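A.B. asks: Predicted model and sequence below, questions to follow.
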Amino acid sequence: MSRNAMSRNAVKRIGLLFATAVLLAAAVVPVQAQELTGTLAKARQTGTIAIGYRESSVPFSYLINTRKEPIGYSIELCRSLVTSIEDAVNKSLKIDWVPVTSDSRIDAVVNGKVDLECGSTTNNLERQKRVSFSPTMFVSGTKVLVKKGSPIKSFRDLAGKKVAVTAGTTNEKTLRDLSEKFKLNIDLRVARDHAESFGLVKSGQVDAFATDDVLLYGLIAQDAAKSQYEVVGDFLSYDPYGIMYRKNDPQLDKLVVDAFQVLAEDGEIERQYKRWFLRKLPTGESLNLPMSAQLETIIQTMSVKAE
């Protein structure tokens with residue numbers, strides 16, 4: 001074979017190798033994109049993640065006058081999840097903030113209006129039929145808020161009384177079940193959100209407001225007349241909170257569980273708890289609510305990486 005022929009063959013081989021390399025490089029992004037499914041695929045394609053937030057669930061997810069974006073314990077944990085999603089899709093994401101209520105939040109997740117619901121949502125078996133939840137980030141329970149001096153000290157004192165509950169909450173069902181079981185004939189008044197429920201107590205239109213105790217403490221702490229209200233009685237329910245997202249999304253399931261394990265292991269969940277429940281909030285008040293033994297145990301267990 002002549003030198004020129006050898007040179008031509010070498011050029012052909014180099015050209016073929018180069019063309020193959022170009023085709024493989026071009027195929028990398030589509031293959032990666034095809035491997036993503038559910039919420040992660042949507043996030044990569046749109047460059048956004050939609051977060052549902054609450055307007056008055058202090059200190060989990062709420063608005064204050066000086067900020068346009070929500071703040072709170074749940075919001076900070078969700079921001080950490082967004083960072084994990086960005087790493088997974090290899091792309092910076094814009095957060096679309098979507099306000100939701102107790103009544104609209106589950107439908108917003110199911111219908112794709114929001115990707116993550118970051119508020120004060122109880123994880124229970126009934127809701128698990130429609131949505132998925134992150135590991136538990138808080139443990140609460142139903143209690144009752146009244147004006148100081150009220151004769152109401154326990155759930156039995158609610159007999160025949162007007163009691164506010166917020167639409168779409170587990171507390172509404174708890175009070176209805178309680179009223180029926182003990183023949184209390186409670187007159188339930190269903191309000192749109194927690195702020196409206198509290199307003200019914202303040203205006204004297206109802207005798208009490210029943211919801212998760214931590215939310216009651218948050219509402220009282222923010223009110224100028226905080227000394228006029230108190231939370232009474234024993235827990236009427238057990239309510240573990242989680243971040244809500246769509247069902248049947250195994251990639252997001254794994255990402256959320258892994259992210260929470262890291263947040264628990266490096267102490268970030270505990271740091272955020274101290275920031276929002278033990279220190280002064282941006283509006284100046286403090287809930288002074290130490291972490292419960294139940295939540296401490298949950299976080300310790302969560303921090304252990306699965307083998």
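C.D. replies: Looks like it came in fine.
A.B. asks: Identify the residue nearest the geometric centre of this protein.
C.D. replies: Centroid-nearest residue in the chain: Cys118, 2.7 Å away (criterion: CA atoms, centre = their mean).
A.B. asks: That residue pairs with what?
C.D. replies: Beta-bridge partners recorded for Cys118 (DSSP bridges): Tyr53.
A.B. asks: is it true that it touches Gly242?
C.D. replies: No. Cys118 is beyond contact range of Gly242, at 10.2 Å (criterion: CB atoms under 8 Å). C-beta: built from backbone N, CA, C; applies to glycine.
A.B. asks: How about the contacts made by Ala264?
C.D. replies: Ala264 makes contacts with Ile299, Gln300, Met302, Ser303, as judged by CB atoms under 8 Å, 6 or more residues apart in numbering.
A.B. asks: and it, that's in a helix?
C.D. replies: Yes. Looking at Ala264 with DSSP: H, G, I helix; E, B strand; the rest coil, it is inside a helix.
A.B. asks: What distance do you get for it to Val214?
C.D. replies: Plainly put, Ala264 is 20 Å away from Val214 if you go by CB to CB, to the nearest Å.
A.B. asks: Which of the contacts of Ala264 fall in strands?
C.D. replies: Within the contacts of Ala264, no residue falls in strands by DSSP state E.
A.B. asks: Just the buried ones among these, please.
C.D. replies: Ile299, Met302, Ser303 (16 or more other CB atoms under 10 Å).
A.B. asks: can I get the residues you listed in TSV with pLDDT and distance to Asn185?
C.D. replies: What follows is the buried ones among the contacts of Ala264, written out as TSV (pLDDT from 0 to 100; distance: CB to CB, whole Å):
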residue	pLDDT	distance to Asn185
Ile299	97	41
Met302	96	42
Ser303	93	47
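A.B. asks: what's the following helix or strand after the helix or strand where Glu126 lies?
C.D. replies: Element membership of Glu126 [criterion: DSSP states H and E] is helix 125-128. Sequence-wise, the next helix or strand downstream of helix 125-128 (DSSP H and E) is strand 131-133.
A.B. asks: Quick check: can you name the pairing partners of that next one and their directions?
C.D. replies: By DSSP bridges, strand 131-133 pairs with strand 244-246 (antiparallel).
A.B. asks: Pull out the buried residues from the strand it pairs with.
C.D. replies: Neighbour counts using 16+ other CB under 10 Å place Met244, Tyr245, Arg246 of strand 244-246 among the buried residues.
A.B. asks: show me where the stretch 201-307 of the chain has helices.
C.D. replies: 213-222, 250-265, 268-273, 293-302 (DSSP state H, counting those that start in this stretch).
A.B. asks: quick one: the first one to chain centroid distance?
C.D. replies: Shown here is helix 213-222, whose average C-alpha point lies 18 Å from the average C-alpha point of the whole chain (CA atoms, centre = their mean, to the nearest Å).
A.B. asks: Report the rounded mean pLDDT for it.
C.D. replies: In this model, helix 213-222 has a mean pLDDT of 92.
A.B. asks: do the second one as well
C.D. replies: Here the mean pLDDT over helix 250-265 is 97, rounded to a whole number.
A.B. asks: what's the answer for the shortest one, then?
C.D. replies: Within the predicted structure, the mean pLDDT of helix 268-273 is 98.
A.B. asks: re earlier: give me the distance between the residue nearest to the centre of the chain and Ile51.
C.D. replies: Separation of Cys118 from Ile51 (CB to CB) stands at 6 Å.
A.B. asks: same question, Asp249
C.D. replies: Asp249 is 16 Å from Ile51, by CB to CB.
A.B. asks: Same question for Val231.
C.D. replies: For Val231 relative to Ile51 (CB to CB), the value is 29 Å.
A.B. asks: So for these two, which residue has more residues nearby?
C.D. replies: Neighbours per residue (other CB atoms under 10 Å) separate Val231 from Ile51, with Ile51 holding more: 26 against 16.
A.B. asks: you'd agree that one is in a helix?
C.D. replies: No. Counting by three-state DSSP, Ile51 is not part of a helix but strand.
A.B. asks: Kindly state the pLDDT recorded for it?
C.D. replies: 98.
A.B. asks: show me the contacts for it.
C.D. replies: When contacts are counted by CB under 8 Å, 6+ apart, Ile51 touches Ile75, Cys78, Val82, Ile95, Asp96, Trp97, Val98, Val114, Asp115, Leu116, Glu117, Cys118.
A.B. asks: about what we covered before: who touches both of Cys118 and Ile51?
C.D. replies: Taking CB under 8 Å, 6+ apart as the contact definition, Cys118 and Ile51 share the neighbouring residues Ile75, Cys78.
A.B. asks: which among the contacts of Ala264 gets closest to Lys42?
C.D. replies: Met302 (26.7 Å; CB to CB).
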